[in-house]
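**Student:** my questions are about this predicted structure, shown below with the sequence.
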Amino acid sequence: MTKVRHELLLGIDIGTASSKGVLADPDGTVVAVAERPHGLSMPRPGWAEHDADAVWWADVVALCRELVDRVGGDRIAGVCVSGLGPCVLPTDAENRALRPAILYGIDTRATVEIDELHDRFGADAVIARGGSLLSTQATGPKLAWLARNEPDVWARTRRMHMASSLAVARLTGEYVLDHHSASQSDPLYDLDAADWARDWAAEIAPDVELPRLAWPGERVGTVHAAGAAETGLPVGTPVAAGTIDAWSEAFSVGARHPGDLMLMYGSTFFFVLTAEAVRRDAALWATAGVEPGTFSLAGGMATSGSLTGWLRELVGSPSWEELVGEVAATPPGARGLLVLPHFAGERTPIMDPDARGTIAGLTLRHGRADLARAVYEATAYGVRHNITALTRAAGEPPRRLVAVGGGTKSAVWPQIVSDVTGATQVVPEVTVGAAYGDALLAAIAAGIVPASTDWTRVSHEVAPDEALAPVYDELFGLYLDLYERTAPVSHALAHRQREEEKEATHG
């Protein structure tokens, strides 16, 4: 009997704190998973960086070799890499990194350049052309920051990469960026034209070559000899364009139809609402979708899981099980504590990099459990704030909420989010992450499955406790009011922090 050759799809996602690789069958069955943790460099307040060689490419190589060794390279039918983003990695014409990559919206260094570019092009024109106002998420201001602050690097910069495009370049030799990632490169992309805003790009980055554009599930090349030698992938393996991790994760769980909203529980909270038409709102990011002809409205909080991790270390590093148990045993409302989760500034919907964390209502009777409960509730208020903005922009509430990410493995956090928002969340059976979506994109790019293929299976739903609606309606109103009332103080303190850092750096 002839042995059947099974085709396997390799997906790799480069995340903020780790990278993950997944091998899947064409029917979506996960065959193998591998993961590599890595560090996040924060050399100054407001800066967040990755070494692209030691983190991005090293993780791709290691994960490819580990997974290929498990099954044999001849079984790999396609590969796709996604990554955190939007990021800015300046390289020379041979794709050699010239400095560490400047990460997405958690890096807030380019606030001056945001204001300058709004003044130069006009805020209304920026949102009309690119779909979003400039924020710490945008790449254009970070390119302008590089030109001003690191002229030696800038003089040698010929290309700009994100994690996915660097992987494509080193696997295939092709310089390609997907449309979705490009649409987050504000103000360098024209959303209606589905092409680069070449006149603005030439003004901001005159000597930087713009990459060829493709859709995330499009085959953009094949593994060449050098890529094969490093990764162990066979020469000629089809490579998909890939995209930014949150959108690949939304694709992986079937949140790809109009009205579908993905909630991604992770180090930061992220939101992707699929739409059939461009919806512009100054409090959100309007982008191209994963598939041709689709669009999305997106939002992101600057902290969520990272805030709960900070708290755990602060209060003596109890086990996660112990801390979550204490949260579950603490009554809704955290006995009168209210927290603003803006410990790293905030992205949507307030777009305020100088926002700061606030803990209100503390008394001597409050303990660790109360503070932990208040922190979890703070992330849920941030989720509600973003859903409110998404509903306003779309003209109707999301039709379906799909919850993904590591935070869904705990019953407590998603339940708090449903209770605070009043919304039911669907939790998929397979929540491997963006790498699973990458494997599906690889299958589509290689022609193994039709573009309409959906691997999603639902595990369970998380419904809100309707009896808690009055409690959380009141507290959410106080949450909004607390930000408005404390913002001037937070801004003054943020300025003071920057000045003290400058003195420490130059002193």
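**Tutor:** Nice, thanks for sending it over.

**Student:** now do stretch 246-258: distance from first to last residue.
**Tutor:** End-to-end distance of stretch 246-258: 17 Å, with C-alpha to C-alpha, to the nearest Å as the criterion.

**Student:** in it, which residues are buried?
**Tutor:** The neighbour-count check on stretch 246-258 (16 or more other C-beta atoms under 10 Å) flags 246-256 as buried. Any C-beta I mention is one placed from the backbone N, CA and C, and that applies to glycine too.

**Student:** how far is it from where the chain is centred?
**Tutor:** 13 Å (C-alpha atoms, centre = their mean, to the nearest Å).

**Student:** mind listing which of the buried residues of stretch 246-258 are in helices?
**Tutor:** 246-252 (DSSP state H).

**Student:** between the residues you listed, which is nearest Ile444?
**Tutor:** Phe251 (9.7 Å; C-beta to C-beta).

**Student:** any idea how far that closest one is from Ile387?
**Tutor:** Look at Phe251 and Ile387: by C-beta to C-beta, to the nearest Å, they are 21 Å apart.

**Student:** ramachandran angles for the closest residue to Arg256 other than its chain neighbours?
**Tutor:** Excluding the flanking residues, the one nearest Arg256 by C-beta to C-beta, 6 or more residues apart in numbering is Thr274, at 5.7 Å. Dihedral pair for Thr274: phi -80, psi 140, per degrees, to the nearest 10.

**Student:** surely Thr274 meets Pro258?
**Tutor:** Yes: using C-beta atoms under 8 Å, Thr274 is in contact with Pro258, at 5.7 Å.

**Student:** stretch 223-236: end-to-end distance?
**Tutor:** Span of stretch 223-236 from end to end, C-alpha to C-alpha: 5 Å.

**Student:** thinking again about what came up before, so what's the residue nearest to Arg256 up against?
**Tutor:** 250, 255-261, 289, 294-296 (C-beta atoms under 8 Å, 6 or more residues apart in numbering).

**Student:** from the residues you listed, pick the one nearest Arg159.
**Tutor:** For the contacts of Thr274, the nearest to Arg159 is Gly289 (25.1 Å; C-beta to C-beta).

**Student:** what about this protein, any weak spots by pLDDT?
**Tutor:** Under the criterion pLDDT under 70, the flagged ranges of the chain are 1-6, 507.

**Student:** go again using 50 as the cut-off
**Tutor:** Residues of the chain meeting the criterion pLDDT under 50: 1-4.

**Student:** excluding chain neighbours, what is closest to the most centrally placed residue in it?
**Tutor:** In the chain, the residue lying closest to the centroid (C-alpha atoms, centre = their mean) is Ala246, at 4.8 Å. Take Ala246 and drop its neighbours on the chain: the residue closest to it by C-beta to C-beta, 6+ apart is Phe270, 4.5 Å away.

**Student:** what is the burial count for Ser459?
**Tutor:** 11 (other C-beta atoms under 10 Å).

**Student:** check contacts around it.
**Tutor:** Applying C-beta under 8 Å, 6+ apart, the residues contacting Ser459 are 427-429, 431.

**Student:** the stretch 101-250 of the chain: strands as residue ranges?
**Tutor:** 101-102, 159-161, 176-178, 189-190, 195-196, 212-214, 219-222, 238-240 (DSSP state E, counting those that start in this stretch).

**Student:** can you put those in CSV and add distance to Phe121 and mean neighbour count?
**Tutor:** As requested, the strands of the stretch 101-250 of the chain are exported to CSV (distance: least, C-beta to C-beta, whole Å; neighbours: other C-beta atoms under 10 Å):
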stretch, distance to Phe121, mean neighbour count
strand 101-102, 21, 25
strand 159-161, 19, 24
strand 176-178, 21, 26
strand 189-190, 12, 26
strand 195-196, 15, 16
strand 212-214, 21, 18
strand 219-222, 30, 21
strand 238-240, 33, 27
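
**Student:** now for the ones you listed, which one comes closest to Arg120?
**Tutor:** strand 189-190 (16.6 Å).

**Student:** rewinding a little: closest one to Asp370 among the strands of the stretch 101-250 of the chain?
**Tutor:** Checking the strands of the stretch 101-250 of the chain against Asp370 by C-beta to C-beta gives strand 101-102 as the closest, at 37.5 Å.

**Student:** what sits opposite Asp195 in the beta ladder?
**Tutor:** When bridges are called by DSSP bridges, Asp195 pairs up with Asp190.

**Student:** of all the helix elements in this protein, which one is longest?
**Tutor:** The chain, longest helix under DSSP H: helix 469-506.

**Student:** so which of the contacts of Ser459 belong to helices?
**Tutor:** Among the contacts of Ser459, no member falls in helices (DSSP H).

**Student:** sort out which of the residues you listed are buried, if you could.
**Tutor:** 427-428, 431.

**Student:** tell me which helix or strand Ala286 sits in.
**Tutor:** According to DSSP states H and E, Ala286 maps onto strand 285-288.
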